[in-house]
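[1] Build the 3D model from these lines:
(one chain, ligands or ions: 1)
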Amino acid sequence: MIEVSHCDLRYNQAKSQVKVYDNFNLKIEQGESLVLIGPSGCGKSTLLYLLSGLMPPTGGEIQIWGEPVKGTRQKTAFILQEYGLFPWLNVEQNVSLGLRVRHMTKGKYKVLVEDMIQKMGLGEVKHNFPSQLSGGQRQRVALARALTLQPDLLLMDEPLSALDALTRERLQTLLLEIWQEQQLTTVLVTHSIEEAVFLGSRILVLLDGRPTQVVGEILNPLVGQRGYRQTEEFFRKTSYVRSLLERGGLDESAK
Ligand SMILES: Nc1ncnc2c1ncn2[C@@H]1O[C@H](COP(=O)(O)OP(=O)(O)OP(=O)(O)O)[C@@H](O)[C@H]1O
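    Sure thing, here's the model as predicted:
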């Protein structure tokens, strides 16, 4: 289990401090696909940074599988909003980067990288540079690079937001397949209600308060079922998430 216990997080700004998290608690079970949704600035990315170990909490503790997080971990993969690809490396080199950094020999990583490139449908563009790829292809390269490292926790910050609607749906399906096949624990940030309900086995709706509050926690047991997007239950869940977000907005303006 992943446990965020009594965490505080404050940012120093020009003349004040922003208290984003105050005594925040969260548990994530192994194999869950947790989605974070909420208005801009409510603290979604900050929570990912805390889980990644890139940013220590100002108070409290985070444990992953019983181990306190004290900096980044090899088994946590983090996909950022702008893909994080190196423009001077081609697809193959970008995908193999993590393995090379870990000093895996070329003989070993070549096979793994080629497998992943094929799985992600990048075979035809493997010698291309990021500038020669579409947004969807770049996103698949970022995913491929993360997955070659066989993470046990995959964090994603709005990974599909820059894509056109159809490419986005295709990649949502790919993410779902990866999550189901590998029983990966994932935490994904999105602004899209449909994406949250399509991908999240649990959805946390956050409110832009100071500190951040969880205004809704929705279990979504049918996630991953064939044709889920077309069901009444899917529609019901998206309406519910929307109503929580709207109520959050109303509360905010009533302050
Ligand atoms: N490095 C920083 N220094 C100071 N304040 C910050 C810093 N990073 C974020 N903040 C503030 O903390 C709050 C939460 O930011 P965060 O990026 O986590 O929100 P978010 O929900 O991910 O937003 P978005 O949906 O726009 O990406 C915001 O008010 C933001 O202005």
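[2] can we go C-alpha only for contacts and neighbour counts from here?
    Fine.
[3] the strands in this structure, which residues?
    Ranges of strands within the chain are 2-12, 17-28, 33-37, 59-64, 67-68, 76-79, 153-157, 185-189, 202-207, 213-219, based on DSSP state E.
[4] Look up how far the ligand lies from L171.
    20 Å (C-alpha to the nearest ligand atom, to the nearest Å).
[5] Equivalent analysis for G84, please.
    16 Å.
[6] and stretch 4-22, which residues are buried?
    The neighbour-count criterion (16 or more other C-alpha atoms under 10 Å) identifies V4, S5, H6, C7, D8, L9, R10, K19, V20, Y21, D22 as the buried residues of stretch 4-22.
[7] what does that stretch contact?
    23-27, 42-43, 57-63, 210-212 (C-alpha atoms under 8 Å, 6 or more residues apart in numbering).
[8] run the last query once more with 6 Å
    Identification of contacts with stretch 4-22 by C-alpha atoms under 6 Å, 6 or more residues apart in numbering yields 23-26, 57-62, 210-212.
[9] then it to CSV, C-alphas only?
    The C-alpha trace of stretch 4-22 is given here as CSV (Å, rounded to 0.1, in the frame of the first residue of the first chain):
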residue,chain,number,x,y,z
VAL,A,4,0.4,9.5,2.7
SER,A,5,0.2,10.3,6.4
HIS,A,6,-0.5,13.7,7.9
CYS,A,7,1.3,15.5,5.1
ASP,A,8,1.8,19.2,5.0
LEU,A,9,3.1,21.1,2.0
ARG,A,10,3.7,24.8,1.9
TYR,A,11,5.2,26.8,-1.0
ASN,A,12,7.1,30.0,-0.3
GLN,A,13,5.8,32.7,-2.6
ALA,A,14,7.0,36.4,-2.9
LYS,A,15,5.7,37.7,0.4
SER,A,16,3.7,34.8,1.8
GLN,A,17,3.4,31.0,2.1
VAL,A,18,0.8,29.0,0.3
LYS,A,19,-0.5,26.1,2.3
VAL,A,20,-1.4,23.5,-0.3
TYR,A,21,-1.7,20.4,1.9
ASP,A,22,-2.4,20.4,5.6
